[in-house]
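>>> task: produce atomic coordinates for the following.
(chains A and B)
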2 protein chains.
Amino acid sequence: MDPSAGGGNASEGEEPPLTEKRIDWPAEAERIEGRLELLGGISESDGGLDRPPFTRSLRRAMEETSRWMEEAGLLPAVDSFGNLLGRAPQEGRKPALLIGSHLDTVPNGGRFDGALGILLGIAAAEILLPRARELPFAVDVLAFQEEEGARFRSGCLGSRAFLGLLESRDWALTDSRGLSLQEARDSFATDGWPRVEPYSREGIFGYLEAHIEQGPQLEALGLPLGLVAGIVGQERLLFSFHGEGGHAGCVPMASRRDALGAAAEFAIFLEEMARQQPGAVATVGELHCRPGAVNVIPKQVDLSVDLRHPKDEVLDRLSHRLQERAREIGKRRKIQVSSRRTDRLPAIGSDRGWRERLASTVGAIQGKAPQLWSGAGHDAGILGRFAPMVMLFLRCRRGISHDPAEFVSPPDIACALQAMVGFVESFLP
Amino acid sequence: MDPSAGGGNASEGEEPPLTEKRIDWPAEAERIEGRLELLGGISESDGGLDRPPFTRSLRRAMEETSRWMEEAGLLPAVDSFGNLLGRAPQEGRKPALLIGSHLDTVPNGGRFDGALGILLGIAAAEILLPRARELPFAVDVLAFQEEEGARFRSGCLGSRAFLGLLESRDWALTDSRGLSLQEARDSFATDGWPRVEPYSREGIFGYLEAHIEQGPQLEALGLPLGLVAGIVGQERLLFSFHGEGGHAGCVPMASRRDALGAAAEFAIFLEEMARQQPGAVATVGELHCRPGAVNVIPKQVDLSVDLRHPKDEVLDRLSHRLQERAREIGKRRKIQVSSRRTDRLPAIGSDRGWRERLASTVGAIQGKAPQLWSGAGHDAGILGRFAPMVMLFLRCRRGISHDPAEFVSPPDIACALQAMVGFVESFLP
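Just a heads-up that it's a prediction; the model follows:
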């Protein structure tokens, strides 16, 4: 890391780029690391990190984050959903460059996913504050909740609410105890914070998010940072294979209509199909045998499919092939097959111009600026529908995330902060 | 059905064989059918038939059965386990031909499995009573409990207890609520019945059991009855496939160590292996993905294997090949595989001489006397270790059992009763 290698383009006579000032990037990274450690201890349960939305632990994490926002010179507030905002103090109204990520975690999650992007945003906003008047936008920091979808099984609810996109069916989503999103939100106390109205689309200059890669590609390249070319399209399906049950000892193999045999064949095909399609990933994450007893032939197997690709038309084709193959297997094995699509998110590219700006500052820091597709969904995918969006990925140790072993190194965090500050500075006149 | 076609060989001057007397077989079958209907309504829960051992419903079923035993001229009693016996009144001591089956059912079971064999035994004993003195044995009827193993996950506990074969580890088996077999037995009231001591092995002349086939073979042959050549050997195994989890969108296909992919490949191999080995059946009845979420690559898959074959050496070979293939799949996919045997029951043949006697009476009734291996375990498999054993299978509609759709027709029940009476008569001097 070379602190002198800034991406700024400040004009003559003005202050030098912040990246050329004596900012102690390793010390900044250390401070972020300390905050990550603190947030990583705020969990709903004792074993592992578990911070679902609209819980006491999430409220406590908001309180800590709010304090750090204030220390950075930002004005904390909440929106009607319960997202936390750190707003730049401004006299005249300028549209806002939003830097954000999410505070909620999956059960038994890692401490970098989400929280790191918010803390990088706060640190960047603090460093940039002296140049606030010169920037064509305000720098606001956002801490969303329920990005993961672990509680209400639908992702990015916080960012969708922030943009006023939730519909009544979203508010009716229920958690495992039957509590609706509406009820959970209504019982979540946000007293003590001023309330802000949803931002108008004109009020949003754009969106920047830094996030742990959650995959092994940057590690394989030996680089701390990567640019996100976009967020892949995603389709989720549920397949049911209906065969015939029976006693495991009494029904000859030739008479069987074993639902698991058909499901296993389908899972193998899915894996092979995704392997042969560059850029595609496909996963069977859940599989249930019914009745599910050691000595009973499975009568029914239900399984989930998660299918992703950067191109929507390829995604369509893969989804079609899967359904076709399931029918073919069903016909051959006399198994009734049904499927339904439970989710579909189109692919969304990051803003080309903004990506070039970020590539220039990343390139100055680490020599190369590789572009990656994000296989995971992010709040950036929602914001990017209405405003320029760009994302920065940080190298993830062994590609592991959603796990206590999730790790990003402090030097990589320092690089990311430097890149984000450089990116914002590129907008200085 | 031809009532004149008896298998008896009574000597001259004696009474004619009972099968040649004016026994109204259809009426007998109708009476059995009525009793089956009554027992089929005695259930622990309202929806479907569920009669676990050591419950109020099982006690009520014993009370009804005990009443029918008395009506048949038998003397009801219980043993120390809680099995119900209907003993022939005898002055001198003769060893007993035991005719039996079990009163317990699986959850959501059928009304023929178990109960039918007991009711056929009671009806046969009643018909045979006039010839009791001439027979070289007493005819006792047995109603075991916990044959299915649905409560304590170990089958034939009643018949093993009857022979004094239960060990302390069996008594320590627990049900889903943590209650041990010992505790369940001790809290089960059998007051009102005289207690009998376990039969000595010399006191057992042999064992006859009639049972629903639980498979489609007799239906395919178009015949009401079949002889059981023996009960197949059985092995149960648990396999665990340990791979690496990860985000379904972020880990490229080539980097994955998906435990479900390995498990699916294994399940396909198992199915194909059993198809190619005549007489073998193999089933994956349970399969669990961990963590089991739509967007998480399965880190671990646990599955059960149930493997059966009439020859123990073939069973050994199949089990060995399965384990070998699992290791090979694991090695190729970088998945750690472990397996352990959870159960093993050797194959047991029915008594050749007794089978010939039964074949002769069955052949007289329906022209042919096909021999089938029983893929299911039965109390006969326990009794057969110590005394001559023979079993009669009744045609099972569509091969379905352990299900409310389980069905045996009254004419087939009449044939079975006639065959059992004829079999016993073949021992008349």
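>>> excluding its backbone neighbours, what's nearest A:Glu202?
A:Pro95 (6.6 Å; Cβ to Cβ, 6 or more residues apart in numbering or on different chains). (Glycine included, C-beta is placed from N, CA and C.)
>>> and A:Arg153, by the same measure?
A:Arg153's closest residue in space is A:Leu173 (Cβ to Cβ, 6+ apart), at 6.8 Å.
>>> and if you look at A:Ser401?
The nearest residue in space to A:Ser401 (Cβ to Cβ, 6+ apart) is A:Gln214, at 3.9 Å.
>>> try A:Ala376
B:Gly249 (4.4 Å).
>>> need the contact list for that neighbour.
B:Gly249 makes contact with A:Gln214, A:Val232, A:Gln234, A:Val281, A:Asp306, A:Arg308, A:Ser374, A:Gly375, A:Ala376, A:Gly377, B:Asn295, according to Cβ atoms under 8 Å, 6 or more residues apart in numbering or on different chains.
>>> and it, how far from A:Ala274?
12 Å (Cβ to Cβ, to the nearest Å).
>>> one more: A:Glu213?
From A:Glu213 over to A:Ala274 (counting by Cβ to Cβ), the distance is 20 Å.
>>> same deal with A:Leu238?
Taken as Cβ to Cβ, the span from A:Leu238 to A:Ala274 is 18 Å.
>>> distance check, the residue of chain A positioned farthest from its centre against B:Cys250.
Using Cα atoms, centre = their mean, the residue of chain A lying farthest from its centre is A:Cys250. It sits 49.7 Å away. Using Cβ to Cβ, we find A:Cys250 at a distance of 45 Å from B:Cys250.
>>> do A:Ala29 as well
Taking Cβ to Cβ, one finds A:Ala29 at 23 Å from B:Cys250.
>>> and for A:Gly164?
Taken as Cβ to Cβ, the span from A:Gly164 to B:Cys250 is 29 Å.
>>> what do you get for A:Gln90?
Distance from A:Gln90 to B:Cys250, by Cβ to Cβ: 37 Å.
>>> just A:Glu209 next, same as before
From A:Glu209 to B:Cys250 the distance is 15 Å (Cβ to Cβ).
>>> same question for A:Ala210.
Counting by Cβ to Cβ, the gap from A:Ala210 to B:Cys250 is 16 Å.
>>> which of the helices or strands spans A:Ile301?
Just so we're on the same page, residue A:301 is Val rather than Ile. For A:Val301, the element it lies in under DSSP states H and E is strand A:300-309.
>>> what about that strand and chain B, touching?
Yes - residues of strand A:300-309 contacting chain B under Cβ under 8 Å from any Cβ of the partner chain: A:Ser304, A:Asp306, A:Arg308.
>>> what residues does stretch A:150-167 touch?
Here stretch A:150-167 has contacts from A:52-54, A:79-83, A:100, A:102, A:104-107, A:142, A:144-149, A:170, A:173-176, A:181, A:184, A:198-199, A:201, A:343, A:377-379, A:381-383, A:386, using Cβ under 8 Å, 6+ apart.
>>> what count of nearby residues applies to A:Ala380?
28 (other Cβ atoms under 10 Å in any protein chain shown).
>>> ok, now A:Met253?
A:Met253 - counted by other Cβ under 10 Å - has 20 other residues nearby.
>>> for it, grab phi and psi.
Backbone geometry at A:Met253, expressed as degrees, to the nearest 10, gives phi -50, psi -40.
>>> and for the helix or strand of chain A with the lowest mean pLDDT, what's in contact with it?
The weakest-scoring helix or strand in chain A, judged by mean pLDDT, DSSP states H and E, is strand A:336-345 (a mean of 92). Under the contact criterion Cβ under 8 Å, 6+ apart, strand A:336-345 has outside partners A:154, A:231, A:233-243, A:262, A:319, A:323, A:326-327, A:329-330, A:377, A:381.
>>> in helices only, show me those residues.
In helices, judged by DSSP state H, the following of the contacts of strand A:336-345 are found: A:Ala262, A:Ser319, A:Gln323, A:Ala326, A:Arg327, A:Ile329, A:Gly330, A:Gly381.
>>> of the residues you listed, buried ones?
Using 16 or more other Cβ atoms under 10 Å in any protein chain shown as the burial test, the ones in helices among the contacts of strand A:336-345 include A:Ala262, A:Ser319, A:Gln323, A:Ala326, A:Ile329, A:Gly330, A:Gly381 as buried.
>>> would you map out the domains in chain A?
As given by automatic domain parsing, the domain ranges for chain A are A:18-232+A:347-425, A:233-345.
>>> quick check: mean pLDDT of the first one?
Average pLDDT, domain A:18-232+A:347-425: 95.
>>> mind checking how far it is from the chain centre?
9 Å (Cα atoms, centre = their mean, to the nearest Å).
>>> do the shortest one as well
Centre-to-centre, domain A:233-345 and its host chain are 27 Å apart (Cα atoms, centre = their mean).
>>> quick one: terminal-to-terminal distance for that domain?
With Cα to Cα, to the nearest Å as the measure, domain A:233-345 spans 5 Å from end to end.
>>> before we move on, what about stretch A:128-144?
Where stretch A:128-144 starts and where it finishes are 22 Å apart, if you go by Cα to Cα.
>>> which residues of chain A fall in strands?
Under the criterion DSSP state E, chain A contains strands at A:75-78, A:84-87, A:96-102, A:138-144, A:204-212, A:225-231, A:233-242, A:281-283, A:287-290, A:300-309, A:336-345, A:348-349, A:371-374, A:389-394.
>>> right, I'll leave it there.
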